[in-house]
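> no sequence on this one, just coordinates:
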């Protein structure tokens, strides 16, 4: 029985894809001498039994309206009651955003300088609690990750600032 259900689902999917003509045809489950199950549309061989499937409903997709094109769909219409911002307010917001991004950039650049100083080109000084070399390597790997992440943050902030201008 557990082999029958996936087969029925496959047959139902094939029927839906094949169209209405295939959905109305008869399906037979055939079992050969080795016990292999096969689904066929004819039951003329020995060991075939007709499978009763529930009727399938096939629906077509709605047709697009005449005169519609991709340009109309890509540019949505703004509702008339949508809130609008005057130019002066938007300019103030843009300046605030630029200042925030510049402050974040300065912070990230300072953080990068600090990490590079401690990282010492991949050979930071060992700390007293790092008698085990594995702990030292773990700290160096963590510093390398921090260095790469900070560099990516700086690149992203610079991209964001260049988009504002």
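Great, that's in hand. Just so you know, these numbers come straight off a predicted model, no measurement behind them. Numbers count the residues shown, from 1 in each chain.

> gap between whichever helix or strand residue 103 is part of and the chain center?
Assigned by DSSP states H and E, residue 103 belongs to helix 87-119. In this view, helix 87-119 has its centroid 30 Å away from the chain centroid, taken as CA atoms, centre = their mean, to the nearest Å.

> buried set for it?
Using 16 or more other CB atoms under 10 Å as the test for burial, helix 87-119 gives 101, 104, 105, 108, 111, 112, 115, 119. C-beta coordinates here come from the backbone N, C-alpha and C atoms, glycine included.

> also stretch 142-161?
For stretch 142-161, a neighbour-count test (16+ other CB under 10 Å) marks 143, 146, 147, 150, 153, 154, 157 as buried.

> for the chain, what spans make up the helices?
4-18, 20-23, 70-74, 87-119, 133-164 (DSSP state H).

> tell me what angle the fourth one forms with helix 133-164.
Spelled out, it's helix 87-119. Here helix 87-119 runs at 160 degrees with respect to helix 133-164, directions being taken by axes from the mean of the first three to the mean of the last three CA atoms, to 10 degrees.

> can you redo the helices of the chain as TSV with distance to residue 61 and mean pLDDT?
Listed next are the helices of the chain as TSV, based on distance: least, CB to CB, whole Å; pLDDT from 0 to 100:
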stretch	distance to residue 61	mean pLDDT
helix 4-18	13	56
helix 20-23	15	46
helix 70-74	16	55
helix 87-119	42	94
helix 133-164	39	93
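
> of these, which is nearest residue 43?
When the helices of the chain are compared by CB to CB, helix 4-18 sits nearest residue 43, at 13.7 Å.

> how many residues are close by residue 35?
8 (other CB atoms under 10 Å).

> now it. Its backbone dihedrals?
In terms of degrees, to the nearest 10, the main-chain angles of residue 35 are phi 90, psi 10.

> report the contact partners of it.
Residues in contact with residue 35 (CB atoms under 8 Å, 6 or more residues apart in numbering): none are found.

> from residue 132, how far out is it?
If you measure residue 35 against residue 132 using CB to CB, to the nearest Å, the figure is 61 Å.

> distance from the centroid: which residue in this protein tops it?
Distance from the C-alpha centroid of the chain peaks at residue 46, with 49.3 Å (CA atoms, centre = their mean).

> state the phi and psi torsions of that one.
Torsion angles at residue 46 (phi, psi; degrees, to the nearest 10) stand at phi -70, psi 140.

> let me know the pLDDT of it.
Confidence at residue 46, expressed as pLDDT, is 81.

> ok, the closest residue to residue 147 other than its chain neighbours - contacts?
The shortest distance from residue 147 to any non-neighbouring residue, by CB to CB, 6 or more residues apart in numbering, is to residue 115 (5.1 Å). Listed by CB under 8 Å, 6+ apart, the contact set of residue 115 reads 143, 146, 147, 150.
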